[in-house]
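# got a predicted structure here, sequence first:
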Amino acid sequence: MLEKIKENPLDYKGYLEYGKYLENVNLKQAYLTYENALFYCQDELVKIEIQHKLDEITYRQGKVEPASIVILSYNNRQLTQQCIESIRETTPESAREIVIVDNNSQDDSVAYLRQQDDIVLVENDFNAGFPGGCNIGIKASKKENDIFLLNNDTILCANSLYTLRMGLYEKDNYGSAGAVTNNCANLQSVFKSDSIDELKEFGLKNNIVNKRSEIKLMLVAFAVLIKRHVLEKVGYLDERFFPGNFEDDDISLRILKENYQNVLVYNSFIIHLGTVSFQKVDYSGILKKNYDKLVEKYNFNEDHSFFCFTHSESNVAFYSNRIKEIEKENGKILVVKSDLGAAILHAAYLYPQFGFYGLNNTVSCATISTHLEGVNIEYYLDIENNPFKSMKFDLIVLDSTVIQKDEFEKYMTVLKDMMNDDGKMLIRAKNQSFYMNWYPILKGETDSGFNQNTVYCKDVNDMISKLDLNVKTWVFYYVDLPNEIREEIEAIQNVVGVQNHITVENVGYIVYK
């Protein structure tokens, strides 16, 4: 069944067999699979049989409405044309509606778009930006359709839309689905190449059913599919994030708060050429401005030690490599101050054999992270009365750089009691010798990076001794020196005879009882 699809993803026979199997497992996925079989089938008699199957499933309330593919056009006609042509080549007409919103292009984009008979075209006489333009496209789409937000600098590969829809309809509580690609943040890049042909070939082999998807805190909106009833419930894109960036973080968080999940579909690969629309603007300035708007909207600044991590890259390097050292088949991992949960979600995806728990004492963050599927994150007001206090863990992760020194002993005492006898604790602390603690004073500035209430390595050493813990090993987190001061800092290193210590920002301690 699935082997047939894997051997030839463009042959209808494998999809027919798989659709028959899915009729007793997931009726909506069965509908999508028969629809894909019909797209690839050239035998007119067989096509009639497939259509009868689709009609039968529709009668049984299993029909999946088409996806309205909302694409913004702003100059770059060649990119938009390439994107539209890839949609036509890889998707059945019954599965999609193409909606193009032109944001007042000054090239020949509109002239080209007006000639396309199979698209819904909205011509703006102003630039509505990404969130505003998408909202215009959503309103112009068929009211019953799901919404697929797609950048015009993308190219669909064979089965990209089919597998993305399959991922979205895997579960009723999946609200949005994102694709993997060659060029994207949030750990959504899975394959890189400078050759479009190589990328298409990878997509052909990758876009087959039966791969495990990953729950995400957010999905990058270069290609994100949202169930229509979910979108209508949470609301459209927030236009305060003009001209673009962080509107995808925002809608992902709103989807979560309504008890739906955002899922990254690993078997939907879409080529992404990348940030073409922002090449002539102050991109970093827009990022900073819109990040501040996100923080303000969700009140993420209520805790001075919390940083709004939404992408999966955040903090995962701190502990992911240590998890594999756990030898128990059903080991339990606790992450203290787990923030919004992006990193713990990715770790849970990488290590499905373990149970992941998180503690979060930021109220605005907990209202989101407690909704995440596959991890158990709970709010705590006081570490001494945290909801997991009676449990024992095989690995406890404590980032002491986000707690105050006067709280450190209380945290360590409680967490030591929560360790299994053979468990470990990973503690991150700031390096007191880090060059940014003293370099500003050396340059005549009044404020240094040193903070009296920060937990430094010496504080960890003292606490390890006081609680009779043992150090198994250390992990050093280096930073790159800025080019403009590299020679000066290296000269200082040579004078004091310390080669690397002052470029270590944080140190990780792995301790045991």
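In hand now; what should we look at? Residues are numbered from 1 along each chain as shown.

# and residue 219, how many neighbours?
Per other C-beta atoms under 10 Å, the neighbour tally for residue 219 reads 27. All C-beta spots, glycine's among them, are computed from the backbone N, C-alpha and C.

# look up phi and psi at the nearest residue to it once chain neighbours are set aside.
Counting by C-beta to C-beta, 6 or more residues apart in numbering, residue 219 lies nearest to residue 178, which is 3.3 Å off, once chain neighbours are set aside. Note on residue 178: its backbone torsions stand at phi -120, psi 160 [degrees, to the nearest 10].

# against residue 372, how distant is residue 123?
Residue 123 sits at a distance of 41 Å from residue 372 (criterion: C-beta to C-beta, to the nearest Å).

# which one of those two is surrounded by more residues?
Remark: of residue 123 and residue 372, residue 372 carries more neighbours, 24 against 15, as counted by other C-beta under 10 Å.

# contacts for the helix or strand encompassing residue 201, please.
Following DSSP states H and E, one finds residue 201 within helix 196-206. By C-beta atoms under 8 Å, 6 or more residues apart in numbering, the list of residues contacting helix 196-206 from outside reads 9-10, 155, 157-160, 180, 182, 190-191, 193, 266-267, 269-271.

# for the stretch 401-513 of the chain, just list every one of the helices.
In the stretch 401-513 of the chain, helices defined by DSSP state H, counting those that start in this stretch lie at 405-417, 435-442, 457-466, 486-496, listed in chain order.

# list the buried residues in the second one.
The reference is to helix 435-442. 435, 437-439 (16 or more other C-beta atoms under 10 Å).

# ok now it, how far from the chain's centre?
Per C-alpha atoms, centre = their mean, to the nearest Å, the displacement of helix 435-442 from the mean C-alpha position of its chain is 36 Å.

# from the contact counts, what lies against that helix?
helix 486-496 (3 or more C-beta pairs under 8 Å, 6 or more residues apart in numbering; DSSP states H and E).

# what mean pLDDT does the helix it packs on get?
Per-residue pLDDT values over helix 486-496 give a mean of 71.

# repeat for stretch 178-190
Per-residue scores along stretch 178-190 average to 96.

# cool, stretch 412-421 as well?
Per-region confidence: stretch 412-421 scores 97 on mean pLDDT.

# cool, and stretch 452-467?
Stretch 452-467 comes out at a mean pLDDT of 93.

# relative to the whole chain's centre, how far out is it?
Using C-alpha atoms, centre = their mean, the offset of stretch 452-467 from its chain centre is 34 Å.

# so what touches that stretch?
Residues outside stretch 452-467 that contact it (C-beta under 8 Å, 6+ apart) are 400-401, 403-406, 408-409, 412-413, 416, 427, 429-432, 469-471, 507, 509, 511.

# now do 7 Å
Stretch 452-467 is contacted by residues 400-401, 403-406, 408-409, 412-413, 416, 427, 429-432, 471, 507, 509, 511 when judged by C-beta atoms under 7 Å, 6 or more residues apart in numbering.

# only the buried residues of it, if you could.
Going by neighbour count (16+ other C-beta under 10 Å), the buried part of stretch 452-467 is 454-457, 459-460, 463-464.

# buried set for stretch 329-347?
In terms of neighbour count (16+ other C-beta under 10 Å), stretch 329-347 has its buried residues at 331-347.

# picking that back up, mind giving me the PyMOL select for the contacts of helix 196-206, buried ones only?
With 16+ other C-beta under 10 Å as the burial test, the buried ones among the contacts of helix 196-206 are selected in PyMOL as follows:
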select buried, resi 9+155+157+158+159+160+180+182+266+267+269+270+271
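
# strands - which of the contacts of helix 196-206 land there?
Of these, the ones assigned to strands by DSSP state E are 155, 180, 266-267, 269-271.

# can I get those in CSV including distance to residue 223?
Formatted as CSV, these follow (distance: C-beta to C-beta, whole Å):
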residue, distance to residue 223
155, 10
180, 9
266, 13
267, 14
269, 10
270, 5
271, 10
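
# now for those residues, which pair is the farthest apart?
155 and 266 (18.3 Å; C-beta to C-beta).
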